[in-house]
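Engineer: Got a predicted model here, sequence first, then my questions.
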Amino acid sequence: QIFHRSPSNRSAAIVNLRPIVPGHVLVVSTRVVPRLSDLSAEEYADLWTTVRSVQDMLTRRCLADGGGNGDDAAPPAFNVAVQDGPSAGQSVPHVH
């Protein structure tokens with residue numbers, strides 16, 4: 001389920017069907033390519049801008065729900081990871 005698209009439509013954020021942790025989302029390139037190096041410069045920049053936008057969105061949502069990371073005054077923390085290639089653990093050959 002897509003819940004955010006970048007203004008350029010080069011990237012989107014989707015709910016992970018098999019979340020590893022609560023709130024696990026994927027930010028994907030809308031053009032299907034297996035590796036980060038396959039993205040154009042514009043796609044690469046858009047992907048990371050979208051990561052930042054989604055992180056900001058999730059932060060606002062978490063704080064609005066009264067949460068942080070066990071400390072109501074602290075903003076939530078995030079893991080941002082890329083598994084770029086099969087030997088890095090990438091299970092789906094699509095940048096995300």
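Structural biologist: Received it, and whenever you're ready, just let me know what you need.
Engineer: Break down the chain into its strands, ranges please.
Structural biologist: 2-5, 11-15, 25-29 (DSSP state E).
Engineer: mind putting the ones you listed in TSV, distance to Asp56, mean pLDDT and mean neighbour count included?
Structural biologist: Any C-beta I mention is one placed from the backbone N, CA and C, and that applies to glycine too. Output for those, formatted as TSV (distance: least, CB to CB, whole Å; pLDDT from 0 to 100; neighbours: other CB atoms under 10 Å):
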stretch	distance to Asp56	mean pLDDT	mean neighbour count
strand 2-5	11	95	12
strand 11-15	12	96	19
strand 25-29	12	94	20
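Engineer: which one of these lies closest to Cys62?
Structural biologist: Among the strands of the chain, the nearest to Cys62 by CB to CB is strand 25-29 (12.5 Å).
Engineer: What is the closest one packed up against?
Structural biologist: Here strand 25-29 is seen to pack against strand 11-15, helix 41-64 when contacts are counted using 3 or more CB pairs under 8 Å, 6 or more residues apart in numbering; DSSP states H and E.
Engineer: before we move on, the earlier item: adding distance to Ala77, write the strands of the chain out as JSON lines.
Structural biologist: Shown next, in JSON lines, are the strands of the chain (distance: least, CB to CB, whole Å):
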{"stretch": "strand 2-5", "distance to Ala77": "20"}
{"stretch": "strand 11-15", "distance to Ala77": "18"}
{"stretch": "strand 25-29", "distance to Ala77": "15"}
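Engineer: what's the angle from the helix or strand bottoming out on mean pLDDT in the chain to strand 25-29?
Structural biologist: One helix or strand of the chain scores below all others by mean pLDDT, DSSP states H and E: helix 41-64, with a mean of 91. Counting by axes from the mean of the first three to the mean of the last three CA atoms, to 10 degrees, helix 41-64 lies at 160 degrees to strand 25-29.
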